[in-house]
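Enquirer: can't give you the sequence, but here's the structure:
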């Protein structure tokens, strides 16, 4: 197991290197510079040269590339051009916190409620309760989260005045964006759990559990749930990455200073180093989540072995 | 069919009807099945797929699929009428007094739970035991069903065991609470031929150890001869012939049973073809009004297609549902012989 994880970490580094290289050259092949074309063209050529030199942009691309790599290995992701003078690392650090808080809450709420709904729907298969859950889940998937966000803002923020409408001020500010994001998660998890649970409930070992004299609740909790979790885990990885790395729409509706808006702003501004930093962060996060999910597979299902069997 | 003596049987099923509701039809899976089981009996229920043998025992244990329900009849277990037992009441019996072994050990154990936990689970449900005593008992059971190094197996998962081993575990679970009746639904069908004999021997030896009665569902007459003392042959949701194992094999009455026995491959037969009974089983959505076997029976008469045969008692223990054994038929045959 240790060896396996070590191997995966080596792969992670290689993956990141490839992504970094690709992003670096793609970014630089885009037209334009990180600077405002209108303003910079008003400066003298000497002044322009000075600015490019300050950011190291006057050197040949491959020199820039290796310099960048060297810096990254020292943990330095460079300086932002959009937010002049700020280190990319500190920008990222400050932006990740709100996105992560909102994201983790959304995933947790979504997972718990989704699980409950899915289990209930499967257990009460083809009853009004089942139909109700599936209607909720179809709505959750088909209604865009910015619509949910607006509704939440209207009711919780304006009409009932329970929670802040927007802005990032206290913990309470994170509740509505989390809820808005969690709807989609609830819907997806509920559907997966229900479908998988229905398959599992047809299995012989469920009948065997009944023949043992176990109550339906015990059968559900002890035998059906764990065996239904694998596919849920698979989508949970993708969902987590999606939600944790922020949703642009929801973040801008609630004015959350998160990572989603940062991404769009920096791409619009050709902010090379911030975009690279973000890309590396996104990729690293994704690869790590996939690794964790792979490890969790083994925890849930003993038949799955990551490393080749020793026997 | 059989006369109910004053002595109460361990399990008595009287005129059981089970219907399965499909999307737009009703399948009459079991149509008036009666049998009784005495202590230490091994009753084999024999029949082809879809003859209702599995449904009958599932009906007794209330393990029918959601679409299935008992339409009529009575199930009396150990002096208690359990026909209308609620699910909760049934849970008290299932696993402790009546338990079941399933056909495919590859799928009847939970893949994500250790062997030990799956055995202890049934003990926890029905016996008041300390955790330590439960573990002891689980180990003892593993030893009893012939699993070597129980300590090691206890913490293993089903996929780490072979098919035969898993069936042994299933048997250990079924016997954990010393049930009065053990229902075995084709317990050897999914196993290798060499393992089949081992499992049957194990069931026989355990039966004498813990004094349980067995209902064995099978379509393998070899298995029947090996282990059973009573046989009920099912066809089209009905028992067509029942009796002791000797009566069924040596004084066979019903043409269907004759056909089954004739279909057993003989080791010295070098004709190169397997004997079969031509035709297909009846459609139980719209069962025939006469004898269900009549369309495939080479001795079918007009009466067979029109009227369902009644049970004829051949001996105290032997009866058959065929017009050929009907007293009138016997009488007529006698008179005919007389004239010649």
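Expert: All right, it came through fine. Worth saying up front: this structure is predicted, and the values here are computed from it rather than measured.
Enquirer: pLDDT wise, what is the closest residue to chain A within chain B at?
Expert: For chain B, the residue closest to chain A is residue B:95, as judged by Cβ to the nearest Cβ, at 3.6 Å. Just so you know, the C-beta spots here come from the backbone N, C-alpha and C atoms, and that holds for glycine as well. You'll see residue B:95 listed with a pLDDT of 92.
Enquirer: let me see the contact set for the nearest residue to it once chain neighbours are set aside.
Expert: Distances taken as Cβ to Cβ, 6 or more residues apart in numbering or on different chains put residue A:213 closest to residue B:95, at 3.6 Å, once the chain neighbours are dropped. Contacts for residue A:213 were tallied using Cβ atoms under 8 Å, 6 or more residues apart in numbering or on different chains; they are B:90-96, B:122, B:125-126.
Enquirer: quick check: phi and psi at residue A:87.
Expert: Torsion angles at residue A:87 (phi, psi; degrees, to the nearest 10) stand at phi -70, psi 140.
Enquirer: then residue B:234?
Expert: Dihedral angles for residue B:234 - degrees, to the nearest 10 - are phi -110, psi 140.
Enquirer: I'd guessed it sits against residue B:45; true?
Expert: Yes - the pair residue B:234 / residue B:45 is scored as a contact, 6.0 Å apart, by Cβ atoms under 8 Å.
Enquirer: which residues are common contacts for the two?
Expert: B:53, B:56.
Enquirer: related to what we said a few turns ago, now the two most distant members of the contacts of residue A:213.
Expert: Maximum pairwise distance among the contacts of residue A:213 (Cβ to Cβ): 14.6 Å, between B:90 and B:122.
Enquirer: quickly find the element holding residue B:129.
Expert: Applying DSSP states H and E as the criterion places residue B:129 outside every helix and strand.
Enquirer: which ones are touching it?
Expert: B:123, B:137.
Enquirer: likewise residue B:137?
Expert: Taking Cβ under 8 Å, 6+ apart, one finds B:123, B:127, B:129, B:176 in contact with residue B:137.
Enquirer: near chain A, which residues of the stretch 1-150 of chain B show up?
Expert: Selection of the stretch 1-150 of chain B residues close to chain A by Cβ under 8 Å from any Cβ of the partner chain yields B:61, B:63, B:88, B:90-96, B:99-100, B:102-104, B:107-113, B:121-122, B:125-126.
Enquirer: my guess is the residue of chain B closest to chain A contacts residue A:211. True?
Expert: Yes - taking contacts as Cβ under 8 Å, residue B:95 lies within contact range of residue A:211: 6.3 Å.
Enquirer: could you report the neighbour count for residue B:101?
Expert: Close neighbours of residue B:101, defined as other Cβ atoms under 10 Å in any protein chain shown, add up to 26.
Enquirer: what sits closest to residue 265 if chain neighbours are left out?
Expert: You didn't pick a chain, so chain A it is. residue A:82 (6.5 Å).
Enquirer: try again with chain B
Expert: residue B:274 (5.9 Å).
Enquirer: that's a helix at the one you found, yeah?
Expert: No - counting by DSSP: H, G, I helix; E, B strand; the rest coil, one finds residue B:274 to be coil, located in no helix.
Enquirer: what's the neighbour count on it?
Expert: 10.
Enquirer: correct me, but it touches residue B:264?
Expert: No - judged on Cβ under 8 Å, residue B:274 makes no contact with residue B:264 at a distance of 9.5 Å.
Enquirer: contacts only, for the residue of chain B closest to chain A.
Expert: A:211-214, B:122, B:125-126, B:176-177, B:179.
Enquirer: in strands only, show me those.
Expert: In strands, judged by DSSP state E, none of the contacts of residue B:95 are found.
Enquirer: out of these, which end up buried?
Expert: A:211-214, B:122, B:125-126, B:176-177, B:179 (16 or more other Cβ atoms under 10 Å in any protein chain shown).
Enquirer: so can I have TSV of those showing pLDDT and distance to residue A:244?
Expert: Output for these, formatted as TSV (pLDDT from 0 to 100; distance: Cβ to Cβ, whole Å):
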residue	pLDDT	distance to residue A:244
A:211	93	44
A:212	94	41
A:213	92	44
A:214	93	38
B:122	94	43
B:125	91	42
B:126	93	46
B:176	92	47
B:177	92	49
B:179	93	52
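Enquirer: how about these, which pair is most distant?
Expert: A:214 and B:179 (15.5 Å).
Enquirer: and residue B:153, how far is that from residue B:146?
Expert: 11 Å (Cβ to Cβ, to the nearest Å).
Enquirer: before we move on, what about residue A:154?
Expert: 69 Å.
Enquirer: who's more crowded, these two?
Expert: Set residue A:154 next to residue B:146 and count neighbours by other Cβ under 10 Å: residue B:146 wins out with 17 against 12.
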